[in-house]
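1. Build the 3D model from these lines:
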Amino acid sequence: MITDELKNKLKEDLVKALEKQKKSAPETALIVKAYDFAFKKHLEQKRKSGEPYIIHPLAVAISLIKLNCDTPTICAGLLHDVLEDTLATGDDIKKLFGDEIFALVDGVTKLGKLNFKSSEEAQANSFRKMLLAIAKDMRVVLVKLADRLNNMQTLDHLPEDKRKRIAQETLDIFAPLANRFGLNTFKIELEDLSFKYLMPEEYTKVKQIVVSKKGERESQIAIVMEKIKELLSQHKIYAEIKGRAKHFYSIYKKISDPETGEIKMDTEPQIYDLLGVRILVSDIKDCYATLGIVHEAFRPMPGRFKDYIAVPKTNLYQSLHTTVITPYGKPLEVQIRTFEMHDVAENGIAAHWNYKEQGGTNHAEEKDLEELAWLRQLISWHTDVEDAKEYVDTVKEDILSKEVYILTPLGDVITLPVDSTPIDFAYKIHSKVGDTCTGAKVNDKIVSINYKLQNGDLVEVITSKNSHPNLSWLNFVKTNQAKHKIKSWYKKQNRDRHMVMGRQELEEKFSKDIIDDLLRSNEFSDVAHRLNYGNSEDLLAGIGSGDTTVAQIISKLQGTRFVKQEDRSNDFSKIKTRKAPTQGDNAEIPELDGLLYTIAKCCMPVPGEPVIGVVSRGKGITLHRSSCHNLHQVEKDRIMHLDWKTKGDKVYPTHLNIVVVDRVGVVKDILTKVADAGVNISDFKVKERPDDNSASLRMIMNVSGQAQLNQIIVSIKNMTDVLVVERI
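-> Below is the predicted model:
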């Protein structure tokens, strides 16, 4: 039970933290009101450690206070779990704290109350919602990262498997997200904590290396710092000079094998920047003057100078970086920046808002943060990319990965993932530029379209209105954005064919008498919008291209006149079936135990999926998929409702059609995927289509059941060169 003494002590800690930020009385009162509300709602809850739950949202709020966040953000930190973990409602938050604070709280609330096909899908949808909320109001990321940081700081009390899952998620998503927003203090701690839980042995080794080298390096650097301070004083430049320790995870990446992750113990020369020097000065002029003084006093290493003041990073980071040789013969990294740049480097957008607030606004607006224009991509991709997991993968690979800085002919800076090509650059500019790209000039020289762009390259795209994407581009483009646009162009060119195929798939499930009514109905249009399609025709094409399944359509139409009255599978349930004698419920097909049956060649069903038995004269029972179009021709009194279970080591043939980019090795890659799943192929045919550089592969595989089949389909569908995977 939480005592009044503890409640007041925690509130006292909150108020003391607020006093340092010099909040006004009304703002402090609102934050304390949020604390009281959260305290009441979380009163009976405890964390895994056994401590009162309120300590967690309080820790989140205090982290946000230290970042000098505005009042709504701090309130959201206190309230961020009440919607998910208590009986509080959105209306409660709106009524007591207003729409702005509710929007922030809602942005960090997981989608735990919705039903998804898998935990992976639930997680992907949760991330998708969070990223879109960040795009609409960037303060959401501050709350989310403060929440994740406290969770990582208290991870010891969870089971090991859960600790590792959360740590991996943090390393993959949240640490890169902190870096993208310039929250260096958050990024460093999130990375080091993730490193500690994911690789405890490597973490201990790195820690030992740092401790063993620290004393020697600190004494040498202290002498260098004193000399720099003396030289700057002679030139009347006021500066603060500090030693800078490299954090454990960044050291690990520097001294480990990129393939195996094994630490190379003979890497003494490679870890020279375990410590470095950071020089803070008053203005930009002093930054460059200091650089000249440092280079005059110590020999600079060639190729180790970076000017992030002239060309800032996309997370607003600005600084001069150089590496010099000390009198001890050791390289030393030196960073030079202004005090304001340092604040932004450590606290990112939070610091930016603080400077804006001093100028009269309480939070940054989009026009104030043009450097963060990449956020607009989060919204555009939400429209373009329907699958939640694909959306999150796109964000991880295109936004949260390591990047290079490319210049346009007008001098604008474009950021792209490492190893990007002129095609990636073209699509980053605009989809039409990518679609009509015929070549590129890099630094005034013609290059191949698969050239890997380097930091600082000046790129000019060459276009032609009569040109169009080549599917072979999928073999070398880096960004998911470019891959998606190329595939989208292909699908648009085949739109009519896909619409016909989509209609045929629907006709297998719905009677031909109502199909036109279904396609024209408001219900079908509503399903299209719910699945992020522009209209009903787009949805029809999506079904034909394999992006959406008929099963998804059926689930969205539940409760409408079409599924209730016209779904063929429901019609079959009303049929008076004739069941064969059953000898035991453990039989593969209990209804057919002891009877002869065959697999229909027209649809090739497999165990685990809905099947219908058709009584055949002289042939026993023939098994069809319940969606098989041939069932429409069968008399109702010959139909049997069956339950087909996976039993024993039997395998069953099934037919797939796969459309791919026609490149050398693509067939081998697909066959490898099938072989890795332990599945044999009994028939395989390839039909090339030279007009669009694609090929159609038709194969018959022998699978144990629906689960194995679905696993193979997903594995093949995730390949870059695969455009369509269809069950025949």
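2. that's a strand at T720, yeah?
-> No. Applying DSSP: H, G, I helix; E, B strand; the rest coil, one finds T720 to be coil, outside a strand.
3. Need the pLDDT of N535.
-> Per-residue pLDDT puts N535 at 86.
4. Check which residues of stretch 677-685 are buried.
-> Using 16 or more other Cβ atoms under 10 Å as the test for burial, stretch 677-685 gives A677, V679. C-beta coordinates here come from the backbone N, C-alpha and C atoms, glycine included.
5. Please enumerate residues in contact with it?
-> Residues from elsewhere that reach stretch 677-685 (Cβ atoms under 8 Å, 6 or more residues apart in numbering): 651, 653, 671, 674, 697-703, 708, 711-712, 715.
6. Just the buried ones among the residues you listed, please.
-> Looking at the contacts of stretch 677-685 with 16+ other Cβ under 10 Å, the buried ones turn out to be V651, P653, V674, L697, M699, I700, M701, V703, Q708, I712, S715.
7. For the residue nearest to the first one when sequence neighbours are not counted, give its distance to D156.
-> The spatially closest residue to V651, leaving aside those adjacent along the chain, is N702, at 3.9 Å (Cβ to Cβ, 6 or more residues apart in numbering). Taken as Cβ to Cβ, to the nearest Å, the spacing of N702 relative to D156 amounts to 48 Å.
8. I figured W473 hits I486, correct?
-> Yes. Here W473 reaches I486: they are 5.6 Å apart, a contact under Cβ atoms under 8 Å.
9. who has more neighbours, those two?
-> The neighbour comparison of W473 against I486 (other Cβ atoms under 10 Å) goes to I486, with 25 against 22.
10. rewinding a little: return the subset of the contacts of stretch 677-685 lying in helices.
-> Secondary structure from DSSP state H places L671, V674, Q708, Q711, I712, S715 of these in helices.
11. before we move on, the earlier item: out of the buried ones among the contacts of stretch 677-685, flag the one nearest to P327.
-> The closest of those to P327 turns out to be S715 (Cβ to Cβ; 58.0 Å).
12. Could you verify my assumption that that closest one touches K673?
-> Yes. Under the criterion of Cβ under 8 Å, S715 makes contact with K673 at 5.0 Å.
13. hey, C-alpha coordinates of stretch 186-195 in CSV?
-> Coordinates of the C-alpha atoms in stretch 186-195 are reproduced here as CSV (Å, rounded to 0.1, in the frame of the first residue of the first chain):
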residue,chain,number,x,y,z
PHE,A,186,19.1,9.1,-25.0
LYS,A,187,20.8,7.3,-27.9
ILE,A,188,24.0,6.5,-26.0
GLU,A,189,22.3,5.1,-22.9
LEU,A,190,19.8,3.1,-25.0
GLU,A,191,22.6,1.6,-27.0
ASP,A,192,24.7,0.7,-24.1
LEU,A,193,21.8,-0.8,-22.1
SER,A,194,20.8,-2.9,-25.1
PHE,A,195,24.4,-4.0,-25.6
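14. Take the buried ones among the contacts of stretch 677-685 and write them to CSV, including distance to I65.
-> Output for the buried ones among the contacts of stretch 677-685, formatted as CSV (distance: Cβ to Cβ, whole Å):
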residue, distance to I65
V651, 62
P653, 65
V674, 56
L697, 59
M699, 61
I700, 64
M701, 59
V703, 57
Q708, 53
I712, 52
S715, 48
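15. now for those, which pair is the farthest apart?
-> Spatial extent of these (Cβ to Cβ) is set by the pair V651 and L697 at 20.3 Å.
16. tell me the phi and psi of M719?
-> Main-chain torsions, M719, degrees, to the nearest 10: phi -70, psi 140.
17. wait, it sits on T672?
-> No. Counting by Cβ under 8 Å, M719 stays clear of T672, with 10.2 Å between them.
18. Please say which of those two ends up with more neighbours.
-> More crowded of M719 and T672, by other Cβ under 10 Å: M719, with 17 against 11.
19. which one of the ones in helices among the contacts of stretch 677-685 is nearest D419?
-> S715 (24.0 Å).
20. Look at the closest one and report its pLDDT.
-> 83.
21. From what I see, P417 and Q481 are in contact.
-> No. In this structure, P417 is not within contact of Q481 by Cβ under 8 Å, at 9.9 Å.
22. Tell me which of these two has more neighbours.
-> Legend: neighbour count by other Cβ under 10 Å for P417 and Q481, higher for Q481 (25 against 19).
23. Which of the three states applies to that one?
-> helix.
24. Flag the shaky bits of the stretch 51-200 of the chain, pLDDT-wise.
-> Low-confidence segments of the stretch 51-200 of the chain (pLDDT under 70): 110-136.
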